[in-house]
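Participant: quick one: sequence and predicted model below, then my questions.
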Amino acid sequence: MPYTVHEVAELSGVTIKTLYHYQKIGLLMPESIAENGYRYYGDKELKRLQQILFYRELDLSLENIKNTLDNEPDRLNCLSEQYSLLKAREQRLVGILRTLEETIQHEEKGVPMSEEKMFNGLNKKEWEEAIAGQNEHLRGKYGYEIDTSEINADAMNQKAHEAAEFMSFMAASLKNGVSVNDKNVSDAIEKHIKFMQQDMSIDANGFAAQTRFLMTDDFHRQMIEGQQTGLSYYICFAAEAYAAG
């Protein structure tokens, strides 16, 4: 079903002027333009507009949004990434609000607050430095970067610990010649996916697609291969075997 500019504006809350601007910069093109100049949008364009608005909530520039969408044609992968990023922002804000509420309570009672609790949810400097190299790669190749202002240090520490355990297990399995179809390998992948599902929408197929990206992207493949030669390939094949099983 085709939608006019006015209908799209009413549905999305985006102004007609903004829709024309999106068309001008090549971010969102109409499905068709009639002889009278009327612009019509289809379901494909509405889905792209939805993804644009999700990225706007992450404060990405229009140029970065265009580069990201053009370089990631898989809508499900893109939505999963957006969910993960917005969830990280939510978690960070929840942590900051909790610290703020506790600070107010201590001030009202005139009771000193411990130094450790004063900075809960705010101590993210180390993580900013840790992903600086990754951001440089993402900017150069995909025109996108992880928004470090939204890092939840506590959540990142938990994720890093779980990921390290998973990678160590997979590296040991590869080194010991364990088949990618081995039940222990499948169980480890299942456990890892369930952990990821706590703050993002991902299934076996989505995880397999993610591991294939990590294997084919030079920067991320080298990071994984630095832990164990062949590990990126092993994890990818194991993930695909798990998804197919």
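Facilitator: Okay, I see it.

Participant: can I get stretch 215-231 as PDB, trimmed to CA atoms?
Facilitator: In PDB, the C-alpha atoms belonging to stretch 215-231 read as follows (Å, rounded to 0.1, in the frame of the first residue of the first chain):
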ATOM      1  CA  MET A 215      35.100 -13.700  11.000                       C
ATOM      2  CA  THR A 216      35.000 -11.700   7.800                       C
ATOM      3  CA  ASP A 217      35.800  -8.300   9.300                       C
ATOM      4  CA  ASP A 218      39.600  -7.900   9.400                       C
ATOM      5  CA  PHE A 219      39.700  -5.900  12.700                       C
ATOM      6  CA  HIS A 220      37.500  -8.200  14.700                       C
ATOM      7  CA  ARG A 221      38.900 -11.400  13.100                       C
ATOM      8  CA  GLN A 222      42.400 -10.400  14.200                       C
ATOM      9  CA  MET A 223      41.200  -9.700  17.700                       C
ATOM     10  CA  ILE A 224      39.800 -13.200  18.000                       C
ATOM     11  CA  GLU A 225      42.700 -14.900  16.200                       C
ATOM     12  CA  GLY A 226      45.100 -13.200  18.700                       C
ATOM     13  CA  GLN A 227      43.600 -15.500  21.300                       C
ATOM     14  CA  GLN A 228      43.900 -18.700  19.300                       C
ATOM     15  CA  THR A 229      44.700 -19.200  15.700                       C
ATOM     16  CA  GLY A 230      41.600 -20.400  13.800                       C
ATOM     17  CA  LEU A 231      39.300 -19.400  16.700                       C
END
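
Participant: how far does it sit from the chain's center?
Facilitator: 19 Å (C-alpha atoms, centre = their mean, to the nearest Å).

Participant: what comes into contact with that stretch?
Facilitator: 134, 137, 141, 167, 170-171, 174-175, 213-214, 232-236 (C-beta atoms under 8 Å, 6 or more residues apart in numbering). Bear in mind the C-beta positions are built from the backbone N, C-alpha and C, glycine included.

Participant: buried set for that stretch?
Facilitator: Of the residues in stretch 215-231, Met215, Asp217, His220, Arg221, Met223, Ile224, Gln228, Leu231 count as buried by neighbour count, 16 or more other C-beta atoms under 10 Å.

Participant: with stretch 177-186 instead?
Facilitator: Val178, Val180, Val185, Ser186.

Participant: same deal with stretch 189-200?
Facilitator: Ile189, His192, Ile193, Met196, Asp199, Met200.

Participant: take these and keep only those in helices.
Facilitator: Ile189, His192, Ile193, Met196 (DSSP state H).

Participant: output those residues in JSON lines; the columns should cover distance to Cys78.
Facilitator: Output for these, formatted as JSON lines (distance: C-beta to C-beta, whole Å):
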{"residue": "Ile189", "distance to Cys78": "23"}
{"residue": "His192", "distance to Cys78": "21"}
{"residue": "Ile193", "distance to Cys78": "19"}
{"residue": "Met196", "distance to Cys78": "16"}
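
Participant: any idea how far Arg212 lies from Phe237?
Facilitator: From Arg212 across to Phe237, the span is 10 Å (C-beta to C-beta, to the nearest Å).
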